[in-house]
Structure formats: C-alpha cells, structure tokens
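Student: Could you work out the structure for the sequence below:
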Amino acid sequence: MDENEIIDVSSNESENGSEGDTDGKRKFFEPIVQGVVDALGGYEDNIYRMGDQVNGCLKDLKKLWRKDETDDDRTVARIFWKTRVLPNDLVPILLATAGQGLVEDKRAIACADLMTAMTWPIDLAEELKELDDQFDSKADYTELLQSHLHYKAAILKPGVLEALFGIVLPPLTKGPQERTERDGQIVNVVLHLVRNLAFIKDLPANTFLSADHAQFSSMQSKLIRMLSDSHILQLVLTIAANSDNDPLFDSWNTIVLEIIYLSLRGVQPSSLSMDQSKRPADDLHRLLAQEERSKRQSSRQAPTRHSRFGTTIAVKLNPNRKQAQANTDTNADASGALDLSSSKKSQTFVIHRQEGITGETGALWDKSKRQKAWKGHKVDELASYETHSIEAMKVLQTFASDFLEECFNSFLSILLKDIRSEKAKITEKDNLRLLYVTKWFLDFFLSRRAFASKAKGTKSTDTNEDLDAQKYGFGLVAEVLERPWIIWVLKRMREAVDEKPKAWTELQAGIECLTQLLLLIDSMSSVDISDPTLSEAAEVLQQQLIYSGEVLDVTFDSLQTYKEGTQSLAYLNSSVYMAHALLKMLERWTKGKGKDEVYVRKKKTGKERKKKGDEEVPEEEEPQQQDDDDVVHETMFTFEAFEMKFAHADITHTLLVYLSRYKDFTDSEQMRRVVSLLHRQAVRAKAEGLFFKVSTLNLFKTIIADKKSFPPDQPHKDLVNLINYILRQFFKALEQEPFLAVEAFFPKNRGNWKQYSSWEPPPKGGQSKSVEDIRFPQEVQVKKGYSWSEQVGITIASLVEAGQTELVLWTQEILQTAKAERERIIEEVDKKGGDDSDEDVDDTNTQSKLLGPSVDAQAKLTDYLIPYLSDEHADAATKNSNLKLLFRLAKCYILDEDADELEWYVPAAILPAELHSIITVITQFLETPFDLEGKKASQLMSKKSRRRRRVKAPESDADEDEDEPRQRKKKEKKKKEEVQYKSAQFIEDSDAEYGNIDSFLELEKKRREKTESAAAALGEGRSGAMKSTGTKKRRRKAGDKGKSGTGKKKRKGAEDAVEIAPADNSESSSEDESETHSRTDDAERVAKGGTAEATIEKPRPRPRPKPKAPPLDDSMVQSFSLSQADGEDQAEGGFPPTKAGSRKKGRLIISDEDE
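Tutor: Residues are numbered from 1 along each chain as shown. Take a look at the predicted model:
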C-alpha cells in the first residue's frame, strides 16, 4: 500500500458516521479497519509475512483506536476484537522483529504501543457511572472484558514477553546524558503493558466447565512465572531499588507500585512465609478437616435409615395447663364459646419431620415460614483471595523476599516524598496501593520471622540474635517506624473519613496498616528481644502513639461506626483485628510501666486558637506564662479507663454481628479475637448488661445449640464459657428485677445497661495539675550577659561545631526569600498610582529608604510560613534545639506549639530592613566565627525549663462525655459574668430583689381583689384592669411637671432632664398611681401599696442625657468624667438610703452615640 493510499479517517464522513447509531458507526469503520488489518500481512507456509507498508498500517490502526476516546460504546475496539488483529498480526510482527533481535525496530515498538492501548484496564464501575440512562441503556461490556482475556492469553505465548524485555534494554543501557525523551517513553509503554496484563483478572475456577475456561482461570499464575523467566520482575526490583538515584527511575515508581500491588493481590502473606513444598499437604489437611466438620454438622440433623417408615410427631401447646371445665355455665352459647377457647388452648400441631424428635419445635416451624430475602454482604477489592500454582507461589516468595531485603525502605521513602510533594503523577489510588503494599510486606515480614523462629526453635538452640543476623532484622522495615510515615498514614485515614461519601476501602487499608504496625512494635518490645536499642525504640513509639491518642480514637471509631451493608466484611474483620492487637499491646505495656504515670493529649473540642500574626513582635522573647492558651490539656491514661471505653452499645452490636458469622470463620484466631473483646466487655468492664437483649440471647441460644459441632480448640471453649457466664448473670438480674424481661426488648444505649450490671461508678478524679512537655528535646538559650548579635554568633558556632552548617545556610535562605517577597510587595504598592517618570521613581525609593514602607504596603504584608523541602529540615525544625534557638533569634515564631510537627513563620511585622540586618549578622558570623575564647559553644549555653501542660486525673471517657455539657455551661457562665463585671462601671442600680416576699404577695392579693370588684361593678364584657382612655404616651412639656404625682420615664436620647418626684403616702393617690403605672415595676407597687408593711420609696436619680456631639477631644473627656463624678456625689448625698424592704430597678445605658 502506497502512502497516497493511506485512508484519512479524520474526514467529515467519519464524523457524520459517528453521530449516528452504533450500527451506523460499525458499518462505517468495519471496512476501513479490515482493509488496514489485511495490509499488515499474513501467514505463508506457517510463516508470517509482513506487508510492504507495515509501519504505516500500524500508525493507521493507532489513529483508528483514538476514535474511541469520544465513543462510549468503543466501536473500534469491538471491530479490533472481531478481526483478531492482536493474536493474528501484532504478536507475529513482534516476534518477527524484536523476537529475532531487532529490538530497536519501529515496527516492534509500534506493536507494543498498540498492545498497551488494546489491553488498557476497563474500570467497570467508573464506566457505568458515566453512561447515560437514555442513550447508553443497552451498553454491554461483556465482549470487551472477554477480549482482554484472549489478549492476555495471546501475549503469554512463548517468546512475547522476552521480546518486550528486549525492547526495554537499549534505552536502559544508555547513560542519563545520552537518553532522549523517546527512550523514557518506550520503557514507560512496556511497563504499562505489564501493568495491564496483571490487572486482567482470571475467571473463577470451575472443574465442570470447558478446558478453555480452565485455561482462563489460571493465567495469572502463568503470567507470574513468565515475568520471572523473562527477567521483567528483576527489572521491577531494579527500578524500585534505584540505588543510583536515577531521576528517570523515580518517574516510574508509581507504575512499579501498581505492578507490585496487582501481582500480590489476593495472595495471603502467611502462605508465602511457609515452605512451599509442604503446602499441598497442608492444604489437604485443611480441606479434610473442613469436610469432616461439615459432615459432623449434617449428621446431627440428618434422618436415620428408618425414615422410610415416616415420622409423625404431635406437638401440644401449654401441656401443663388444665383443661377448662365446660359445665361451668348452663348457657349453651356461653358453653360453646368456652369449648372453643379451651380447644384453642389444647390445640395440637403435627410435624412430619424426624428432626422434631431431638430438635427444637420452634426452629422447625420457622423453616416452614416464608423466608426473607437475604441481603448479600459487600465485598471490596482488598478482600479477594486467589489461588496460584506452586511454581507461581515460589516465584512470588522469592520476589517478596528480595523486595523486602533490598528495596522496601528506599522505595517507601521515595514514594512518600513524592506524595508529600504532591507531584502530578500521584493519583488518589496510589495512596490506597501504597497502604496495601506496606501492610502486605509488614505482614509478610512478621510471618516470615515467626516461621523462621519456630523452625530455629525446633532444630537447634539458636537465639533470636542469630535470627536477626540472618536477614530477619527489624532494620528491613525501619522506614515504617519513622515519624513522617505514621503521620502520613493517620492523615490519609482522616481524609478518608472526611470525604463525602467516605472512602471505606482506603480507611480499611489504613486500619490494616496500623494493625501491622502495632504488631511490629509489640514484637520489638517482647521479652525475646535482647537488644536494648530495639526495646528502647519500641518504648518511645508506644509512648508517642498513646500520647497522640489518634490511634486510640481510630480503633474505637472503626468499631463504633460499623453498619451492615455500608462497610464490607473485610472492613469488619480489620476493625476487630486492630482492636484486639491494640488492647493486647496496651495491656502488656501498662504492666511493664508499673506505677509510672502516662498521659494522653485531649482533643480540642472548641475553636482553635487564632493566629497572632498581626501583633507586634517583641524585642526579646518573654518567658512563657501559665495561661490557658499556652498549655496542652491532657488526661492521665490508664488501661482500665480505656478498656472501660469499649463498654459501648454500638461496639457490642458490631462484635455480635461479627460473632454471628462464626460458621464462616476459616481460622481459630478470628474466634479468639472476638471472644477476647467480648470478655473485656462482659467480665473486665463488668458490662454484662449490654448483652441483655432478645436478639443477643437468641444468638447465644443458636451458638449453644451448635456447640457440639465446634472444633476442639480453646477459643471455642472460651466462647461457650463466656456465654454461660452472661446467661447466669442475666437470670440472676432477672430475679432481682423482673421488669428486665420487658427491658430486654429495648436497646441498652445511653448507659441503660449499668443498672443491670455489676458495674460500679468509679470515684471522682482529683484536681488538674501541670506536667512537663517531654515530646521534644529540651530547648537551650544563651547565658546572660550577651547582646543579641553575640547570641546569634554563639548559636551559629554551636551548629557549626555539630557539623550542621547547612542548617545555618538554610536559615539564611529562608530570611532572604521572605525579604525578597516583602520588598516586591512594598515596591508594587508604593509605586502603584504614581507617575512613571524617573524622578518620581527616585523620590519613591528615597522615601521608602528613609521613612520605610507606607501604611498600605505594611497592610499587604502577610506571615511567611517556612516551607520544609525535606524530612531532614522538618525534623531539625522540630527537634534540633540549636536551630530552634537560631529561629527565635531571627524573629521566627511557632504557629502551633501543640502540633506533632512544628511549623515556623516570619511575622508580617518584621520589615525587610530588619530582615536585612539579621541576614548581615548571620553572614558575618559565617565568614568570621564568634570568638569563644577557647571554650566550646555549648559551654556558653544553658537549657531552658520545659513547657508545662495541664493534665487531669484519669477518668472514664463516658464520664468525660457526660461532663462536656457541664463544662460548656461553666464556660458560658464565666464569660457572662465577665461581661457583666466589665459593664458594672456603667450601672448605678441593679436588678437584685430585696425585701420580704410575704408583703409583696399580700399586696398582689389585695390588688387582684380590687380588680375583680371593679370588673363586677362595670358589668359583663368589661375588665377591671382596662383603662378608660388610651395608653398612648405623650411627650411632656417643660412646664407639665405638676400634672402627675410621679415623673414618667423618658426615651433614651431625649434632650430634657428627667426628675423623679417623691412618692405620695396617701391611699387615694397610691390607688390612682397603681392604675396608671406599668404592672411590671414591682418596686413602685410595693412602695405605693398603702399598707403598714410598705417601705418608703427611694427616688432614683438619673443622669442627664447628653446630646449628640462630634468625637470627643481631651477637654471634653475630662468634662464628661467630671459630670459623672458630680452625678455620683449627688446620688450619694441628695437622697435617702434604700431600706431592706424596697427593690431597686433601673439602669443607665449609654449608647454608642452617647459615648
């Protein structure tokens, strides 16, 4: 085919055809694709002969393939599958070129590119989400998934993977300077092809189907063997190790991570740690034991050989109840009704099942009922397990061992650095894959170590020290014990919980990773380890995990928030496993601690502290004071209190859901874990009342009925003993409280279980106290008598002595970056809006140098947060005492003292001129070190006292939850009192009540009687309390003071002064006043009641309202204070004092305008 004959598939005709239906697209593209495929070549005498224009045809096929990018139905992919272009043409062309040594042939590279595109993974869940309900209702992906299986089988033919490996070798043999961009793309394409093959899942094994189905169900094992034979697995290990720190290898670490994840998917780590030659015998014993257990279960319910004679069993309800006498009533109708009721009481049911002889009648009746449809459990991608051949398992065992010994630490550190740097190649699923791979290799390491220890113990008397020297040391997995790794895992778990909807699969991977981390730390702290360094490291890790409290919260929340149908069964199993491992580790650790106090940082429930970036920076660092904002609130940790926290109704429900699947347990360890957690609730925490529910008792009844079929191991015996104990406690509580029979139908949440349990409330904790913060090394300071610049010189000298000059240079770079950024902002703001003439620019620069930046420019400045470009910088800024002192001397401050990783910032108040002087001082002392007069820099420095933290005595979390509303109310009350106290200087009278309440009630009684008599005199429909005229208040003129006996209140802001006339003691005037005054003024009513008990009213002076005026100057403020003083003197000297029987009411309120 000539180049002129190459079909242009981007014509308008193809576009018009793509707009039609699927059949139209297929009819349009089929002849085009078929013509290009025919031009590739064909077989002649069983030898494939390539066409003249193979390279151009391969390019046309790639152009045709790109048409599916906008086609949801993938029409071109279906045509490619129909023509069988991959097995019939692409594979033979690859074998004829790269398979014969022509590894740099363009035709071979084009074939590899097309194979990668045609085997690209189909994410069925995402594809179905993107389909349109109306136009894509008939979309079918079965044909595409079947084509991938055939493609995988074709590529696994002998020689194909070797040819692909040959294509990769030439780019890898080149040096970094000789490589081109195309070389990296070639390796990238082949690695993605290997990823695609590993992604294609096998069909489920079924011995009753065809031979082709059997072949498609074992291709993954064949792929693993051929990857090892073609040395591709060794290439993967080389890229993962990257011992030369090649940047090209770093760009492939994510695809290598996915290949490792897909290769190990479905493989249990414990199965690879054992001897693979003994695996068939172990599998046979396991299957025989499972078959024997199922036979024993079925034999208990199977009918005997005499069942052919039939079985008829009569079941009578209430057999002990006496028959009612029918002759108690002579009335025929009544006797008939009595006979009917008595017949119902003695009704007999007939069962034709032999199981009724030994079984329970109620269970047989339930079988005849209409069964409710069972909702299937959710299974995620981390819960599937696959069975490989012995040869494939041996290959994976060797691959896992080599990866663990050579690549694990370096590969994890590089990947974690890329993730924290947020590089573009990192996707969300890479986080999940990294968590899973880390969890898998930790499990493999612990299983291999336990298997090797067991083998050494049976063969000889070697110790664990010899075991560590033989490639089983903890240094192989040292990366996961670093602080950044643990912080990242917890961060990913928090983000998975915060997502909408929640990422349960990633959360499960994080839980499994933390579980293996806890088991690793527990193994390091075991008594079998004689290395004191490992024991000390395990002690520090346990202390940090417990102090942060986040692992404890994750363990509790994972069990508490489980809901059937929302999370998978694998998630439930992981949550139970983590809780069991954590409690076991904590129990052992607290026993080793003895009486030493352990504290846990308390979570912040209120608003976090505001950043103080806008405040002025002090000249010198002031000593930290004991303030609420500067202390870390903690609570003393005790294992008993944390164990009591698990006595929760939701956790009990989760454990019972897990226990109800006891027939599906494949390992006795699963039963051991759940029984251990239930025992901690019922016995250790004395919370047996949580199990006093009808559904729980019904589950216990089912388990007791099946106990004869349990295997004779200790976990199942412990389960039966625990159930018997709970049942004894239930019937004992039922005797003491018969109403428990009704309460058993209701949930036992909100502490309702406590009244039916042997639990006793713990004594109240003591007062809070403060302890030292021991998370970080103790900080240092320069001894007294040195100036600021000398302190900087001594600090720099101490860093240079420790070989940490790069930290000084890093500090200098930070200050220079902050200075340059602020100079740019100042220059932009100060020059904005001015003329562009040179004279104005010179004037602006001169003014900025002499007077500093303008106010607008200073307002634009923000705090400069110091970035950490490496883990070494982050650790130094958190733990290096000398560097922290240099930061403080350079006017840098910590963003949050309570953070696990300290973050520093340069405040906005530090201007570029001051930063320039600091940089100059640092540069001077780097060039000319400070004269220490023959001493060391450490001799001129002293340690500072540690920060103090406020902690509370140990108390149960349940009590803490109950005390939270009480503490909140106390804070609100304290805040309200503070506001009232601050406004007390503006209050002359208070609302407090004084006097005898009896006199007040007597007066009210008389007033009600008077109102009732007035209403009776007015007649029906009239009220004695209603006034004869309207109640609209009119503004009083200046000369109307004598019209009323008392003065009325003036609106706020009025210009006239308000005077209070003395009260009239006459009875008539008091009665009139009681009708005209407001009924809410209790003090005036008591003063004007006219009774013997009434007290003399105190006239209430009111200050003169001030008219609105412009802002006050100093003279006006002084006159205002003098007028207030005069008013106070008048109040003290001009009126009689208040007696005990009166009530003072009225306050002076000064509005913002008056102020």
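
Student: list the helices and strands the lengthiest helix in the chain packs on?
Tutor: If you go by DSSP state H, the chain has its longest helix at helix 428-459. If you count contacts as 3 or more C-beta pairs under 8 Å, 6 or more residues apart in numbering; DSSP states H and E, helix 428-459 packs onto helix 253-264, helix 269-273, helix 390-406, helix 408-420, helix 464-467, helix 483-498, helix 504-524. Where C-beta positions appear, they are placed from N, C-alpha and C, glycine not excepted.

Student: do that again at 7 Å, thanks
Tutor: helix 253-264, helix 269-273, helix 390-406, helix 408-420, helix 464-467, helix 504-524 (3 or more C-beta pairs under 7 Å, 6 or more residues apart in numbering; DSSP states H and E).

Student: Could you point out the helix or strand that follows the longest one?
Tutor: Proceeding C-terminally, helix 504-524 gives way to helix 532-548 as the next helix or strand, assigned by DSSP states H and E.

Student: Mean neighbour count, mean pLDDT and distance to residue 25 for the helices and strands packed on helix 428-459 - can I get that in JSON lines?
Tutor: Listed next are the helices and strands packed on helix 428-459 as JSON lines, based on neighbours: other C-beta atoms under 10 Å; pLDDT from 0 to 100; distance: least, C-beta to C-beta, whole Å:
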{"stretch": "helix 253-264", "mean neighbour count": "22", "mean pLDDT": "93", "distance to residue 25": "33"}
{"stretch": "helix 269-273", "mean neighbour count": "20", "mean pLDDT": "86", "distance to residue 25": "48"}
{"stretch": "helix 390-406", "mean neighbour count": "18", "mean pLDDT": "91", "distance to residue 25": "41"}
{"stretch": "helix 408-420", "mean neighbour count": "19", "mean pLDDT": "91", "distance to residue 25": "41"}
{"stretch": "helix 464-467", "mean neighbour count": "15", "mean pLDDT": "48", "distance to residue 25": "65"}
{"stretch": "helix 504-524", "mean neighbour count": "23", "mean pLDDT": "91", "distance to residue 25": "36"}
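
Student: Among those helices, which comes closest to residue 234?
Tutor: Minimum separation from residue 234 across the helices and strands packed on helix 428-459 (C-beta to C-beta) falls at helix 390-406, 8.5 Å.

Student: what comes into contact with that closest one?
Tutor: 221, 224-225, 228, 233, 237, 240-241, 267, 272, 276, 279, 441, 444-445, 471, 476 (C-beta atoms under 7 Å, 6 or more residues apart in numbering).

Student: so it versus helix 428-459, what angle?
Tutor: 100 degrees (axes from the mean of the first three to the mean of the last three C-alpha atoms, to 10 degrees).

Student: quick one on the thing from earlier: how about the helices and strands packed on helix 428-459 in TSV, adding distance to residue 674?
Tutor: Listed next are the helices and strands packed on helix 428-459 as TSV, based on distance: least, C-beta to C-beta, whole Å:
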stretch	distance to residue 674
helix 253-264	27
helix 269-273	19
helix 390-406	30
helix 408-420	32
helix 464-467	31
helix 504-524	15
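
Student: Indicate which one of those is closest to residue 85.
Tutor: Taking C-beta to C-beta, helix 253-264 is the member of those nearest to residue 85, at 25.4 Å.

Student: what's the nearest residue to residue 272 if we skip its chain neighbours?
Tutor: Nearest residue to residue 272 in three dimensions, chain neighbours excluded: residue 397, at 4.7 Å (C-beta to C-beta, 6 or more residues apart in numbering).

Student: Next, work out how far apart that neighbour and residue 286 are.
Tutor: Using C-beta to C-beta, to the nearest Å, residue 397 is found at 19 Å from residue 286.

Student: go on, residue 143?
Tutor: Residue 143 sits 39 Å away from residue 286 when distances are taken as C-beta to C-beta.

Student: thinking again about what came up before, out of the contacts of helix 390-406, name the ones that lie in helices.
Tutor: Per DSSP H, helices hold the following members of those: 221, 224-225, 228, 233, 237, 240-241, 272, 279, 441, 444-445.

Student: In ChimeraX, select just the buried ones from those residues.
Tutor: Buried members of the ones in helices among the contacts of helix 390-406, defined by 16 or more other C-beta atoms under 10 Å, are picked up in ChimeraX with:
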select :221,224,225,228,233,237,240,241,272,441,444,445
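
Student: Tell me which two of the ones in helices among the contacts of helix 390-406 sit farthest apart.
Tutor: Pairwise distances across the ones in helices among the contacts of helix 390-406 peak at 29.0 Å for 241 and 279 (criterion: C-beta to C-beta).

Student: Please, where are all the strands along this protein?
Tutor: Using DSSP state E, the strands of the chain run over 41-44, 47-50, 313-316, 348-351, 598-601, 634-637, 769-772, 780-782, 864-865, 893-894, 904-906, 941-943, 948-952.

Student: and of the ones you listed, who's closest to residue 164?
Tutor: Using C-beta to C-beta as the measure, strand 47-50 is the one of these that comes nearest residue 164, at 17.6 Å.

Student: Within its sheet, name the partner strands of the closest one and how each one runs.
Tutor: According to DSSP bridges, strand 47-50 forms sheet pairs with strand 41-44 (antiparallel).

Student: got the contact list for the partner strand?
Tutor: By C-beta under 7 Å, 6+ apart, strand 41-44 touches 48-51, 54, 89.
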